[in-house]
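S.K.: next one to model:
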Amino acid sequence: MNRMGLAPTGRLHLLLLLLALVLAPHGLADTTTEDNPIDTCTCLWQGSFTEIADTADLIVLGAVTQHRGNAADFAIEEILRGPDWHTSIRVWLKAKNYCRPDIENFPPGSRWVLALKHIETLPSGAFDPLTPNISYGRLNDWILSNCGGYFLQAQGGTVRGNLIPGTPRWDFDPDMNPVLVDLLRGHLQGQVTVETLKKAAQEDPEARALMLNTRSFLRGQDDLLGEDSEPSNPP
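M.R.: This is a model prediction of the structure:
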């Protein structure tokens with residue numbers, strides 16, 4: 001026993017408890033978090049796009065126009081939810097240990113649906129004058145997280161990605177049928193259910209390919225196929 005009345009084992013437990021209390025604000029001893037296997041940050045998975053959409057400050061469909069350090073500029077094609085006066089925005093991506101996707105995943109010309117958070121305050125140390133183009137972001141710009149299905153890749157009139165509940169965590173390019181932007185828009189407007197999106201995303205690609213091949217084979221004999229032969233969710 002020492003002057004504190006603690007055995008060596010007791011002192012060790014006390015030191016470990018104090019260390020845990022010091023590290024907890026930094027997310028190093030927080031049992032509610034989980035490791036992101038594709039990143040160096042630690043965050044809790046927030047869910048698929050349909051599960052996190054209501055928490056976003058802005059949801060847009062847009063195309064990357066250029067990169068600036070760890071920021072990407074987007075030309076907006078459509079605002080799906082949120083302030084409707086924007087025509088272009090700057091979105092800040094991966095830097096340091098921020099839980100965001102790498103900017104290399106968003107090459108110029110690529111199109112995306114993004115669920116974004118507005119930068120209203122800046123943390124201390126957010127700007128480093130030695131690396132002015134690599135930072136947390138600027139006030140009134142936007143942040144994209146990768147702790148959930150916050151981004152969907154757009155091709156033509158469809159999107160794909162971690163869209164619906166049940167999609168594996170951290171899988172941003174799942175094996176799925178592309179879903180029409182019209183259906184996604186309808187969901188955000190409360191007119192299309194999650195179950196409808198699931199049905200569209202989970203359509204059997206082999207059955208769909210067989211249908212298309214059959215139609216190609218019977219070209220010129222459309223009366224044999226009927227009016228309902230077209231795929232319900234074409235790419």
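
S.K.: so where is the protein shaky, pLDDT-wise?
M.R.: 1-40, 203-235 (pLDDT under 70).

S.K.: would you list every one of the helices in it?
M.R.: Using DSSP state H, the helices found in the chain span residues 8-23, 49-52, 181-188, 194-201, 205-217.

S.K.: what's the third one packed up against?
M.R.: So that's helix 181-188. Other helices and strands packing on helix 181-188, by 3 or more Cβ pairs under 8 Å, 6 or more residues apart in numbering; DSSP states H and E, are strand 71-81, strand 158-161, helix 194-201. Using the backbone N, CA and C atoms, a C-beta is placed for each residue, glycine as well.

S.K.: packing partners for the longest one?
M.R.: Yep, that's strand 71-81 we're talking about. strand 58-68, strand 88-92, strand 111-118, helix 181-188.

S.K.: and for the second one?
M.R.: The contact analysis (3+ Cβ pairs under 8 Å, 6+ apart) places strand 158-161 against strand 151-155, strand 179-180, helix 181-188.

S.K.: residues contacting the nearest residue to His187 once chain neighbours are set aside?
M.R.: Computed as Cβ to Cβ, 6 or more residues apart in numbering, the closest residue to His187 that is not its neighbour in sequence is Leu197, at 5.9 Å. If a contact means Cβ atoms under 8 Å, 6 or more residues apart in numbering, then Leu197 has 50, 163-164, 179, 183-184, 187 as its contacts.

S.K.: same question for Phe106.
M.R.: With contacts defined as Cβ under 8 Å, 6+ apart, the neighbours of Phe106 are 64, 72, 93, 112.

S.K.: OK, contacts around the third one?
M.R.: This points to Leu93. Contacts here follow Cβ under 8 Å, 6+ apart; on that basis Leu93 touches 70-72, 100-103, 106, 144.

S.K.: now swap in Gly149 and tell me
M.R.: Taking Cβ under 8 Å, 6+ apart, we find Gly149 in contact with 47-52, 115, 161-163, 167, 172.

S.K.: now do Gly69 against Asp102, distance only.
M.R.: Distance, Gly69 to Asp102, using Cβ to Cβ, to the nearest Å: 13 Å.

S.K.: what of His118?
M.R.: Distance, His118 to Asp102, using Cβ to Cβ: 22 Å.
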